[in-house]
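*Asks:* I need the structure of the sequence given here:
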Amino acid sequence: MTRFARPVAALSCLLLGAAPALADNHVVQKESPHSVAVTIDKLETAVKNAGATIFARVDHAGGAESVEMELAESELLIFGNPEIGTPAMQDDALAGLQLPLKVLAYEDAEGQVQLAYERPAAMFEGYGVAPEADYLDQMAGALEKLTGAATSE
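*Replies:* Below you'll find the predicted structure:
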């Protein structure tokens with residue numbers, strides 16, 4: 001083993017062991033009883049009904065297929081509400097790197113459809129956004145409600 005291989009291997013094990021903990025703290029996941037497409041359709045409807053703007057719908061599996069590669073069903077919905085997002089960018093313009101909000105629906109290795117999004121408080125860590133900012137609670141509440149509508153029967 002080279003003198004760098006052992007520390008790199010140890011660091012890799014440490015990071016791989018931390019990955020589930022990071023995901024648990026930073027990413028919210030919900031099981032959906034629907035297909036990926038239906039889940040994102042329901043999310044899109046909920047977002048529109050809430051008065052937010054849909055900016056894009058990204059079909060990752062379709063993109064993979066277009067270059068003759070395989071990927072389990074996976075779609076990303078990008079949306080936002082300037083009344084909630086603008087204050088974050090007023091606090092730190094770089095917060096715009098995290099906005100608009102994004103929610104991913106994907107089929108996991110067991111074939112279960114999952115809906116996932118990053119917790120707003122985690123999303124803005126390292127930016128000039130106060131952890132107690134009201135808009136973080138508003139974003140978290142909106143994401144909870146919208147994804148709840150998308151995963152309901």
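*Asks:* And the strands in the protein, which stretches?
*Replies:* Secondary structure of the chain by DSSP state E: the strands cover 27-32, 53-59, 74-80, 101-107, 113-118.
*Asks:* Tell me which of the ones you listed lies nearest to Ser152.
*Replies:* Each of the strands of the chain was checked against Ser152 via C-beta to C-beta, and the shortest separation belongs to strand 27-32, namely 9.1 Å. All C-beta spots, glycine's among them, are computed from the backbone N, C-alpha and C.
*Asks:* Go through the closest one and flag the buried ones.
*Replies:* When neighbours are counted by 16 or more other C-beta atoms under 10 Å, the buried residues of strand 27-32 are found to be 28, 30, 32.
*Asks:* hang on, the last one packs against Leu104?
*Replies:* No: the pair Ser32 and Leu104 fails to qualify as a contact (C-beta atoms under 8 Å) at a distance of 11.3 Å.
*Asks:* Common neighbours of those two, please.
*Replies:* Both Ser32 and Leu104 are contacted by Leu115, under the criterion C-beta atoms under 8 Å, 6 or more residues apart in numbering.
*Asks:* For the residue most central in space within the chain, which non-adjacent residue is closest in space?
*Replies:* Geometric centre of the chain, nearest residue: Tyr117, 2.7 Å, by C-alpha atoms, centre = their mean. Spatial nearest neighbour of Tyr117, excluding adjacent residues (C-beta to C-beta, 6 or more residues apart in numbering): Val103 at 4.6 Å.
*Asks:* Bridged to the one you found, which residues?
*Replies:* With DSSP bridges as the criterion, Val103 is bridged to Leu77.
*Asks:* contacting residues around it?
*Replies:* By C-beta under 8 Å, 6+ apart, the contact set of Val103 is 43, 76-77, 79, 115-117, 143, 146-147, 150.
*Asks:* what's the closest of these to Met123?
*Replies:* Among the contacts of Val103, Tyr117 lies closest to Met123 (C-beta to C-beta), at 8.9 Å.
*Asks:* what sits against the closest one?
*Replies:* With contacts defined as C-beta under 8 Å, 6+ apart, the neighbours of Tyr117 are 27-28, 101-104, 143, 147.
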